[in-house]
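Chemist: Need the 3D shape of this:
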Amino acid sequence: MDLKIRKNGESYIIDVNGEMDLYNSYKLKELVMKMLEKKVERFIINLENVDYIDSSGIGALIYICSTIKKMGFKLVITNIHGSVKKVIELTKLMGYFPISPTIDEALKRMEA
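Modeler: Now for the predicted structure:
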């Protein structure tokens with residue numbers, strides 16, 4: 001799994017590439033925690049290039065989501081598709097995660 005950060009206005013977009021699984025999902029969690037320490041308040045997690053996620057990847061997303069919500073900051077997860085979408089639907093988490101179909105829509109949600 002490869003992580004890239006880019007900034008758009010006040011929002012930070014984290015592009016996730018590869019598989020989110022037991023072996024690497026902690027990387028995303030660690031990255032977000034470091035960004036929170038630096039007072040970043042708006043996160044977009046882009047899963048466009050993620051084709052596989054397992055329970056530890058889902059666990060990392062739940063942890064990130066709940067931490068950001070507790071702090072009163074904003075998070076949107078975007079570009080969920082294929083098997084990743086199926087896993088999130090099967091775990092009944094579509095309503096839990098703030099999800100937008102595209103980065104543009106996620107950015108609009110950030111401004112609201």
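Chemist: What residues sit buried inside the helix ranked longest in the chain?
Modeler: In the chain, with assignment by DSSP state H, the single longest helix is helix 55-70. Across helix 55-70, burial judged by 16 or more other C-beta atoms under 10 Å covers 56-58, 60-61, 63-65, 68. Any C-beta I mention is one placed from the backbone N, CA and C, and that applies to glycine too.
Chemist: right, and out of these, which lies closest to Glu19?
Modeler: Nearest to Glu19 out of the buried residues of helix 55-70 is Gly57 (C-beta to C-beta; 7.8 Å).
Chemist: quick one: the closest residue to the closest one other than its chain neighbours from Lys29, how far?
Modeler: Excluding the flanking residues, the one nearest Gly57 by C-beta to C-beta, 6 or more residues apart in numbering is Met20, at 3.2 Å. Remark: distance between Met20 and Lys29 (C-beta to C-beta, to the nearest Å) = 10 Å.
Chemist: Next, show the common contact partners of the two.
Modeler: Common contacts of Met20 and Lys29, defined by C-beta atoms under 8 Å, 6 or more residues apart in numbering, comprise Ala60.
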